[in-house]
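[1] Pasted the sequence and its predicted model underneath.
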Amino acid sequence: MSLAIVHSRACVGMDAPPVTVEVHLSNGLPALSIVGLPETAVKESKDRVRSAIINSQFDFPARRITINLAPADLPKEGGRFDLPIALGILAASSQIPAIALQHYEFAGELALSGELRSIQGVLPMTLQTRKAQRTLIIPHGNLAEAQLVQDAEVLAGNHLLMVTAHLSGAQRLVQETLTQAVEQATTGPDLADVRGQHYARRALEIAAAGGHNLLFSGPPGTGKSMLASRLPGILPEMSDAEALEAAAIVSVSGKPVDSCNWKRRAFRAPHHTASAAALVGGGSNPRPGEISLAHQGVLFLDELPEFARRVLEVLREPLESGRIMISRAARHTEFPARFQLVAAMNPCPCGYLGDTSGRCHCNLDQLERYRRKISGPLLDRIDMHVDVPRLSYTDLEGTPGEPSAAVRARVSAARNLQLQRNHTLNSQLDNQQLGEYCRLEKPQQLLLQQAMEHLQLSARAYHRIIKLARTIADLDCASLIETPHVSEAINYRKLDRLLA
């Protein structure tokens with residue numbers, strides 16, 4: 001047989017489209033050509049494959065070899081096609097049975113010795129292979145990641161010889177089950193470490209319960225970053241579907257997936273010198289940025305006004321839609337970006353505005369320029385603006401605060417109420433759901449009307465206040481939104497009150 005067909009998959013954003021590796025041997029001068037939009041790493045695979053086949057004690061056919069990676073209009077990159085190309089050459093030259101290839105999909109990079117090396121993007125490939133009802137054969141280094149997908153048939157090998165022996169029936173690969181301490185996640189920072197700051201702790205709990213965005217404002221050293229870093233510790237564990245989606249983003253970004261802590265929510269804290277591309281992702285073959293790596297987790301932006309304004313503006317659409325579309329001339333790639341934004345800033349350039357020590361000497365022009373670094377549309381999308389004042393000696397020497405475990409229990413209970421009622425978090429309610437699940441009685445409507453007129457609130461801010469009030473009511477296990485809930489929600493619009 002001079003024609004062999006091997007199944008594999010490419011990696012395009014979060015997708016793993018099927019790729020058929022067609023290998024044909026014909027008479028003529030010995031040569032090897034690869035067609036089907038291969039990029040440099042794929043073109044170089046012919047040298048790796050030749051050496052791997054020879055060093056595995058197989059014969060490399062001295063014929064004209066044509067390798068087609070179909071579909072022809074899909075760009076192919078990386079070393080993932082080394083293994084399927086090698087198997088295609090061996091099958092086309094009748095050194096392994098070609099009929100054995102049809103029920104499998106293959107991916108893996110080959111060393112010159114024939115050893116199999118790990119690749120990136122295995123998790124999306126495993127999900128798609130399971131849908132196609134085929135068995136995936138990959139390098140052993142990717143096995144722990146692939147086994148996160150339940151009910152997927154995955155086999156792993158360390159060498160080309162192990163794969164060929166399996167296909168020939170000489171020695172079958174056994175489906176391994178790696179022991180993973182998935183539930184034994186390393187403990188993160190505890191909220192008990194935070195002394196005082198009861199108002200900010202309350203705001204953090206509300207934000208966690210409803211998935212609301214949060215902005216801390218206060219002098220340096222008051223615990224803004226400390227509070228933000230403890231938000232993942234009070235969030236409930238992700239479901240399997242959420243964790244798989246978040247892990248798939250990590251996989252396609254080229255970073256290793258921690259199989260022991262894969263259900264822990266991400267906490268991403270990019271430096272304020274980060275570019276727009278670093279936040280949203282990009283590249284000729286688009287890769288996810290910080291907002292996608294924070295999917296189902298927390299994105300923390302410290303020193304918010306120090307970020308370039310054009311960088312902050314790219315957050316506006318993902319904050320609303322929960323997705324980011326990266327458009328390039330050749331292709332369009334969409335990544336999920338349902339993150340919870342937590343930001344921190346000083347109240348003025350020197351950081352001490354309103355401090356009782358009187359150290360602030362910023363004039364009104366400086367203060368105005370500092371505040372205008374953050375656009376109104378972005379502030380409008382942040383549900384809660386919270387003061388974090390300087391702590392007294394008594395607060396610092398006081399008793400430890402409530403631990404994260406106790407707060408997480410209340411947050412989980414409130415989220416369960418929301419999921420049973422709305423099938424989504426309060427922060428993600430659309431306008432139709434808002435009218436159905438967040439009805440206000442006459443006194444609450446009057447209070448909100450007065451707030452809108454006095455603070456000049458936008459329609460978006462109006463809706464976010466109602467969602468926030470619904471979350472506060474859920475924490476109180478109240479079926480109806482009452483006046484104290486609306487009043488507390490309005491009180492968290494601090495920057496609107498300052499600008500009014």
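    Alright, I've got the coordinates.
[2] How many residues are close by residue 70?
    Using other Cβ atoms under 10 Å, residue 70 is surrounded by 15 other residues. No exception for glycine: its C-beta is placed from N, CA and C like everyone else's.
[3] And it, how close does it get to residue 3?
    Going from residue 70 to residue 3 by Cβ to Cβ, to the nearest Å gives 13 Å.
[4] same check, this time on residue 15
    28 Å.
[5] what's the answer for residue 331, then?
    30 Å.
[6] cool, residue 310 as well?
    Remark: distance between residue 310 and residue 3 (Cβ to Cβ) = 53 Å.
[7] Looking at these two, which one has more neighbours?
    With neighbours defined as other Cβ under 10 Å, residue 310 and residue 3 compare such that residue 3 has more, 14 against 9.
[8] The more buried one reaches residue 24, doesn't it?
    Yes - contact criterion Cβ atoms under 8 Å: residue 3 and residue 24 qualify, at 5.1 Å.
[9] Show me the common contact partners of those two, please.
    residue 92 (Cβ atoms under 8 Å, 6 or more residues apart in numbering).
[10] Find residues that contact each of residue 70 and residue 3.
    residue 22.
[11] What are the boundaries of the helices in the stretch 351-500 of the chain?
    364-371, 376-380, 393-396, 404-421, 431-437, 442-455, 459-475, 483-491, 494-499 (DSSP state H, counting those that start in this stretch).
[12] Let me have those in TSV, adding mean pLDDT and mean neighbour count as columns.
    Output for the helices of the stretch 351-500 of the chain, formatted as TSV (pLDDT from 0 to 100; neighbours: other Cβ atoms under 10 Å):
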stretch	mean pLDDT	mean neighbour count
helix 364-371	88	13
helix 376-380	89	16
helix 393-396	80	10
helix 404-421	95	17
helix 431-437	90	13
helix 442-455	91	14
helix 459-475	94	22
helix 483-491	95	19
helix 494-499	65	16
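[13] could I get these as a markdown table with distance to residue 194?
    Converted to a markdown table, the helices of the stretch 351-500 of the chain look like this (distance: least, Cβ to Cβ, whole Å):
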| stretch | distance to residue 194 |
| --- | --- |
| helix 364-371 | 27 |
| helix 376-380 | 25 |
| helix 393-396 | 10 |
| helix 404-421 | 10 |
| helix 431-437 | 32 |
| helix 442-455 | 29 |
| helix 459-475 | 19 |
| helix 483-491 | 20 |
| helix 494-499 | 20 |
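[14] and of those, who's closest to residue 113?
    Closest to residue 113 of those, according to Cβ to Cβ: helix 404-421, at 48.8 Å.
[15] other SSEs contacting that closest one?
    helix 198-210, helix 231-234, helix 459-475 (3 or more Cβ pairs under 8 Å, 6 or more residues apart in numbering; DSSP states H and E).
[16] got the CA positions of the longest one in PDB?
    Backbone C-alpha positions of helix 459-475 (Å, rounded to 0.1, in the frame of the first residue of the first chain) are rendered in PDB as follows:
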ATOM      1  CA  ALA A 459     -28.900  53.100  32.900                       C
ATOM      2  CA  ARG A 460     -26.000  50.600  33.300                       C
ATOM      3  CA  ALA A 461     -25.300  51.800  36.900                       C
ATOM      4  CA  TYR A 462     -29.000  51.600  37.700                       C
ATOM      5  CA  HIS A 463     -29.200  48.000  36.600                       C
ATOM      6  CA  ARG A 464     -25.900  47.100  38.500                       C
ATOM      7  CA  ILE A 465     -27.300  48.600  41.700                       C
ATOM      8  CA  ILE A 466     -30.400  46.400  41.400                       C
ATOM      9  CA  LYS A 467     -28.200  43.300  40.800                       C
ATOM     10  CA  LEU A 468     -26.000  44.200  43.700                       C
ATOM     11  CA  ALA A 469     -29.100  44.700  46.000                       C
ATOM     12  CA  ARG A 470     -30.300  41.200  44.900                       C
ATOM     13  CA  THR A 471     -27.000  39.700  46.000                       C
ATOM     14  CA  ILE A 472     -27.100  41.500  49.400                       C
ATOM     15  CA  ALA A 473     -30.700  40.100  49.800                       C
ATOM     16  CA  ASP A 474     -29.400  36.600  48.900                       C
ATOM     17  CA  LEU A 475     -26.700  36.800  51.600                       C
END
